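# Provided below for reference: sequence and predicted model.
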Amino acid sequence: MTYFAAQNLTTGSVSRQLALFAWPLVLTNLLQTLFSLMDAIFVGYFVGPDAVSAVMIGGQSILFLLTFSLGLTAGSQILIAQFKGAGKAAKEIQTAKTVLTLALAVGIAAALSGYFLAFPALRLLQTPEAALAGARQYMQITSLGLPFAFLYNATAGIWRGRGDAKRPLLFAALATMLHLGFGLLFVGLLSMGILGAALATVTAQVIAALAGAFSLYRHGGFRRSSEEAASYWGLAKSSDILKIGIPFGLQMGLLNLSNLFILRLVNPYGVAASAALGAGSRVTNLLVVPMMAIGNAASAIVGQNLGAGKPGRATATVRWALVYTLTFVAVTTPLTLLFPASLIRFFTDDPEALRIGTQYLTILAWGYAGHAIHSAIGAAVLGRGLAFYSLLSAGTEALIGRMALTWIFSSFWGLSGIFTAQTIAPYLAAALSLIWYFTICRQNAISVDKYHS
């Protein structure tokens with residue numbers, strides 16, 4: 001199993017180490033984004049534009065619940081990386097077990113919330129009547145898969161914190177292939193429509209999550225004992241798991257709350273506008289997630305090197321992350337500006353949705369550089385365990401850029417104003433991340449040295 005061995009990220013060429021560790025994360029995030037796109041593609045091809053709008057709106061609501069898992073596990077990944085770098089294997093494994101326990105507990109709560117609050121939530125979003133029933137059905141069924149989605153994200157974060165980015169890639173590929181197969185079967189062959197799309201999502205999530213958990217149990221040194229089980233929650237209270245995980249979870253939650261706010265502003269413009277927003281946002285996510293993956297990889301490397309007492313390598317990692325993310329922007333921005341309609345056409349060929357979606361991508365492309373800077377520089381902040389400052393950056397982007405500005409701009413310029421505010425928002429987060437990097441990060445960091453053995 002040497003191919004899947006956890007990497008020591010504290011030695012060797014920094015640029016090469018980051019590239020080797022980041023590429024599986026980039027592919028993993030692309031596969032996960034493709035996973036989230038498939039239902040819209042299936043119903044767009046086999047059902048129609050109303051179904052696309054329903055899946056887009058219901059899926060965005062589920063994503064809001066899911067991001068608490070992404071935040072919790074991504075924040076906890078930093079502690080695992082720091083323990084790994086410091087050579088504290090027992091703390092590393094105990095921390096990971098606590099993360100799994102928390103992920104399952106929060107996943108069950110999220111599933112119950114999504115199922116029972118689906119209808120009022122969709123009404124609050126001003127979901128178009130033509131899409132309401134389908135969005136409710138999609139949201140309720142996919143809510144049932146949330147505990148498994150939370151478990152999957154937890155196991156992936158644990159492996160990445162330990163320096164193994166290839167194993168999560170394998171499980172992401174498994175989930176995507178299963179989703180493709182079940183989607184073609186349920187939506188295409190059996191003509192089950194939105195119901196089939198939701199069932200395909202949940203079935204793939206369950207299988208991939210169980211496979212990931214089994215792999216962690218077999219190959220991660222996680223075999224339980226009754227004594228260890230009794231210590232899991234105690235560790236959660238005594239360590240910085242919640243200190244890092246909760247702010248990062250709130251950060252992801254705020255960003256997705258802002259997505260729901262934008263969706264509510266757009267929905268009154270009709271089904272075509274909501275379908276265009278859904279398609280455009282998914283294209284944008286597909287192009288932005290590689291930069292986020294590079295930042296995620298960099299934060300794990302920063303954490304390991306700080307744990308190992310090598311701050312110089314941590315600084316060099318952030319610089320190379322910025323080089324890689326800006327290089328990616330130099331490719332994706334022209335691509336989006338040249339072929340916006342072709343990208344939207346993957347999801348819908350409705351003329352009005354194509355027109356609005358093309359406008360969306362043409363404006364949003366100018367915001368990619370903000371995402372690049374924030375992803376790279378934010379790795380220094382989060383890798384040091386300074387999750388509160390990361391929350392301030394993301395909170396500013398969400399509350400001021402993506403909510404306040406979209407509301408103000410929409411009053412004057414309608415849809416184009418909403419899209420313009422979304423373009424400005426990531427630069428607000430990038431500016432604050434730069435401020436934290438040149439001030440707070442030079443003075444503060446969570447150190448694993450304070451943890452008793």
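Perfect, thanks for sending it.

# Please list all residues in contact with residue 49.
Residue 49 makes contact with 271, 272, 275, 348, 350, 353 under the criterion Cβ atoms under 8 Å, 6 or more residues apart in numbering. For every residue, glycine as well, the C-beta is placed using N, CA and C.

# so who does the last one touch?
By that I understand residue 353. Per Cβ under 8 Å, 6+ apart, neighbours of residue 353: 49, 272, 273, 275, 276, 279, 344.

# Now tabulate those in a markdown table and tack on secondary structure.
Below are those laid out as a markdown table (DSSP: H, G, I helix; E, B strand; the rest coil):
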| residue | secondary structure |
| --- | --- |
| 49 | helix |
| 272 | helix |
| 273 | helix |
| 275 | helix |
| 276 | helix |
| 279 | helix |
| 344 | helix |
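
# Turn those into TSV, columns for distance to residue 213 and pLDDT.
As requested, those are arranged in TSV below (distance: Cβ to Cβ, whole Å; pLDDT from 0 to 100):
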residue	distance to residue 213	pLDDT
49	38	75
272	42	88
273	41	91
275	36	84
276	38	90
279	33	86
344	37	91
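
# List just the nearest of these to residue 381.
residue 279 (32.2 Å; Cβ to Cβ).

# ok, the closest one touching residue 52?
Yes. Assessed by Cβ atoms under 8 Å, residue 279 is found in contact with residue 52 at 7.5 Å.

# quick one on the thing from earlier: looking at neighbours, which among the contacts of residue 49 is most surrounded?
Neighbour count (other Cβ atoms under 10 Å) singles out residue 275 as the most crowded of the contacts of residue 49, with 33 neighbours.

# buried residues in the helix or strand containing residue 90?
Assessed by DSSP states H and E, residue 90 sits inside helix 89-116. Neighbour-count burial for helix 89-116, counted by 16 or more other Cβ atoms under 10 Å, picks out 91-104, 106-107, 110-111, 114.

# what's the following helix or strand after that helix?
helix 118-124.

# contacts for that following helix?
57, 58, 61, 132, 135, 136, 139, 140, 143, 264.

# give me every residue that touches the second one.
Shown in contact with residue 58 (Cβ under 8 Å, 6+ apart): 118, 122, 134, 135, 136, 137, 138, 139, 142.

# and with 7 Å instead?
Residue 58 makes contacts with 135, 138, 139, as judged by Cβ atoms under 7 Å, 6 or more residues apart in numbering.

# Please apply the same query to the fourth one.
Contacts were defined as Cβ under 7 Å, 6+ apart; by that measure residue 132 touches residue 122.

# and it, how far is that from residue 141?
Distance, residue 132 to residue 141, by Cβ to Cβ, to the nearest Å: 15 Å.

# Closest to residue 216 out of the contacts of residue 353?
Lowest distance from residue 216 to the contacts of residue 353 (Cβ to Cβ) belongs to residue 279, with 35.3 Å.

# Pull the number of nearby residues for the closest one.
Residue 279 has 30 neighbouring residues, counting by other Cβ under 10 Å.

# Let me know the secondary structure of the closest residue to it other than its chain neighbours.
Leaving aside its sequence neighbours, residue 279 sits nearest to residue 347 (Cβ to Cβ, 6 or more residues apart in numbering; 3.8 Å). For residue 347, the assignment made with three-state DSSP gives coil.

# Just to be sure, which of the contacts of residue 58 are found in helices?
135, 138, 139 (DSSP state H).

# pLDDT-wise, what's the bottom of those?
Among the ones in helices among the contacts of residue 58, residue 135 has the lowest pLDDT, at 92.

# do you know how far that residue is from residue 158?
Residue 135 is 33 Å from residue 158, where distance means Cβ to Cβ.

# Return the residues in contact with the residue lying closest to residue 405 once chain neighbours are set aside.
Closest residue to residue 405 apart from its sequence neighbours, by Cβ to Cβ, 6+ apart: residue 421 at 3.7 Å. Residues near residue 421 by Cβ under 7 Å, 6+ apart: 401, 402, 405, 406, 409.

# The same query, at a cut-off of 10 Å, please.
Applying Cβ atoms under 10 Å, 6 or more residues apart in numbering, one finds that residue 421 lies in contact with 262, 265, 363, 400-410, 413.

# Tell me the spacing between it and residue 128.
In terms of Cβ to Cβ, residue 421 sits 22 Å off from residue 128.

# what's the answer for residue 354, then?
Plainly put, residue 354 is 18 Å away from residue 128 if you go by Cβ to Cβ.

# what's the answer for residue 112, then?
Taking Cβ to Cβ as the measure, residue 112 falls 27 Å from residue 128.

# repeat for residue 191
23 Å.

# Kindly report the same for residue 64.
19 Å.

# residues in contact with stretch 333-341?
280, 283-284, 287, 342-343, 345, 349, 354-355, 357-369, 372.

# Okay, now the unreliable bits of the stretch 251-400 of the chain?
Of all residues in the stretch 251-400 of the chain, none has pLDDT under 70.

# Show me where it has its strands.
Taking DSSP state E, counting those that start in this stretch, the stretch 251-400 of the chain contains no strands at all.

# quick revisit: give me the common contacts of residue 279 and residue 52.
When Cβ under 10 Å, 6+ apart defines a contact, the residues bordering residue 279 and residue 52 alike are 40, 41, 44, 347, 348, 350, 353.

# Return the subset of the residues you listed lying in helices.
Counting by DSSP H, the part of the shared contacts of residue 279 and residue 52 found in helices is 40, 41, 44, 353.

# Could you check how many residues crowd around the second one?
I take that to be residue 41. Using other Cβ under 10 Å: residue 41 sits among 21 other residues.

# how close does it get to residue 200?
From residue 41 to residue 200 the distance is 11 Å (Cβ to Cβ).

# Tell me which residue lies nearest the centroid of this structure.
residue 70 (5.8 Å; Cα atoms, centre = their mean).

# Distance-wise, check the residue lying closest to that one once chain neighbours are set aside relative to residue 135.
Excluding its sequence neighbours, the residue lying closest to residue 70 (Cβ to Cβ, 6+ apart) is residue 252, at 5.2 Å. According to Cβ to Cβ, residue 252 and residue 135 sit 22 Å apart.
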